[in-house]
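S.K.: compute the structure for the input listed below.
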Amino acid sequence: MKKSPDDSYQIPKPILLMRCSDSQAYSPIGIRSVNRIALVAIAASAAVAAQAHAQSDRYQVTRTAQAAAGGVAAVRLSNGSGNLVVNGRSGSSEVHVTAIVHGSSQRAVDAVRISLDRNGDVVTVREDTPDRSWFGIDNTWVDLTVELPTNMALDVSDGSGGARIDNAGAIRLRSGSGGAHLSNIAGTVDVRSGSGAVELSNVRGNVTASSGSGGFTIDGVNGSVDIRNAGSGSLNVRGVTGSVHLGSIGSGSLVADNIGGDLTVDRKGSGSVQYTNVKGQVSVPDRHRNW
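M.R.: Residues are numbered from 1 along each chain as shown. Predicted coordinates:
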């Protein structure tokens, strides 16, 4: 195929289906050009994203807040796109918060305030951020570290940042796209997750959970497990003293081992179910069931 004199760099439209002749294979020239352009575009996008992240993390400031824990039964907190770490400390007598505020300008990070408000026996960790319109395109996010007495109950809302909680009491967790790891929990656990993966270990209480596309890894529960909905995420459940119930599984797979009670799956899609060492009764739809 010939190019027109005025079109020094124009790839013919039938790029992928162009033959040099009836007896020749498809010409790779157009494909190589498209691949080269695509690679350049991907590299440019990655560079822009990396530069934007570096610029938005240019400024940071550390804030702290604390409140006496005497008479406090629970702590309520929320976090957006930053990471959240909660540690229960034996012998601690206060709720202590350390917040590292990240942002793309000094005025943006300086405007963020962290406070602890007590109402009855509940302490609420508040993150006060002015409306973003005050600063135009400036962005901020906060990494929170909370230290509190061991086995204190928590009510947590987490956005796209990860959450790690250790040595706490009963937990209610609502998570978006950020992953969550909960360990050494003395009480019930109620988790709802969007697309983030959730890991639970050494829970001394019943577990109730649901997820969109995020998977669950549950290892060691002194109680029962009720996963009401699991979309495309995989499920790994082992070491449960009570029964395990799954309301609905989509395309994700289930692997269950060492279950002290019954294993029940109400509805399942294309995902497989594998189980071993189940002491109680097993009720699983026949499709893709393995044992």
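S.K.: wait, Gly187 touches Asn167, no?
M.R.: No. Look at Gly187 against Asn167 with Cβ atoms under 8 Å: they stay out of range, at 11.4 Å. Bear in mind the C-beta positions are built from the backbone N, C-alpha and C, glycine included.
S.K.: need the residues touching each of those two.
M.R.: Asn151 (Cβ atoms under 8 Å, 6 or more residues apart in numbering).
S.K.: quick one: what helix or strand has the residue nearest to Arg126 when sequence neighbours are not counted in it?
M.R.: Excluding its sequence neighbours, the residue lying closest to Arg126 (Cβ to Cβ, 6 or more residues apart in numbering) is Ser115, at 4.8 Å. Under the criterion of DSSP states H and E, Ser115 resides in strand 113-119.
S.K.: show me what that strand is packed up against.
M.R.: Other elements packing on strand 113-119 under the criterion 3 or more Cβ pairs under 8 Å, 6 or more residues apart in numbering; DSSP states H and E are strand 59-68, strand 94-103, strand 122-128.
S.K.: tell me the most buried of those?
M.R.: Most buried of the helices and strands packed on strand 113-119 by mean neighbour count (mean count of other Cβ atoms under 10 Å) is strand 94-103; its value is a mean of 20.
S.K.: so which bits of the following helix or strand past it are buried?
M.R.: Remark: after strand 94-103, the chain's next helix or strand is helix 106-110, criterion DSSP H and E. Neighbour-count burial for helix 106-110 flags Ala108, Val109 (criterion: 16 or more other Cβ atoms under 10 Å).
S.K.: contacting residues around helix 106-110?
M.R.: Contacts for helix 106-110 (Cβ under 8 Å, 6+ apart): Tyr59, Gln60, Val61, Val101, His102, Gly103, Phe135, Asp138, Asn139, Thr140.
S.K.: ok, now which ones touch Ala74?
M.R.: Going by Cβ under 8 Å, 6+ apart, Ala74 touches Asp121, Val122, Val123, Met152, Ala153, Leu154, Asp155, Gly169.
S.K.: which among the residues you listed end up buried?
M.R.: Counted by 16+ other Cβ under 10 Å, the contacts of Ala74 give Val123, Met152, Ala153, Leu154, Asp155, Gly169 as buried.
S.K.: the third one contacts Gly169, correct?
M.R.: Right, the one you point to is Ala153. Yes. Applying Cβ under 8 Å, one finds Ala153 in contact with Gly169, separated by 4.3 Å.
S.K.: okay, and the common contacts of those two?
M.R.: In contact with both Ala153 and Gly169: Ala74, Gly187, using Cβ under 8 Å, 6+ apart.
S.K.: for Asn79, which of the helices and strands packed on strand 113-119 is the nearest?
M.R.: strand 122-128 (7.0 Å; Cβ to Cβ).
S.K.: show me the shaky parts of this protein.
M.R.: 1-57, 131-137, 287-291 (pLDDT under 70).
S.K.: now with 50, please.
M.R.: For the chain, the stretches with pLDDT under 50 are 1-35, 37-54.
S.K.: circling back: tell me which of the buried ones among the contacts of Ala74 is nearest to Ser210?
M.R.: Closest to Ser210, out of all of these and judged by Cβ to Cβ, is Asp155, at 16.9 Å.
S.K.: helix/strand/coil for that closest one?
M.R.: strand (DSSP: H, G, I helix; E, B strand; the rest coil).
S.K.: which residues touch it?
M.R.: By Cβ under 8 Å, 6+ apart, the contact list for Asp155 reads Ala74, Val75, Arg76, Leu77, Ile171, Arg172.
S.K.: what does Gln60 give?
M.R.: Per Cβ under 8 Å, 6+ apart, neighbours of Gln60: Ile100, Val101, His102, Gly103, Val109.
S.K.: same thing but at 6 Å, please
M.R.: By Cβ atoms under 6 Å, 6 or more residues apart in numbering, the contact set of Gln60 is Ile100, His102.
S.K.: that one pairs with what?
M.R.: His102 (DSSP bridges).
S.K.: do the same with Asp190
M.R.: Assigned bridge partners for Asp190, using DSSP bridges, are Arg172, Thr208.
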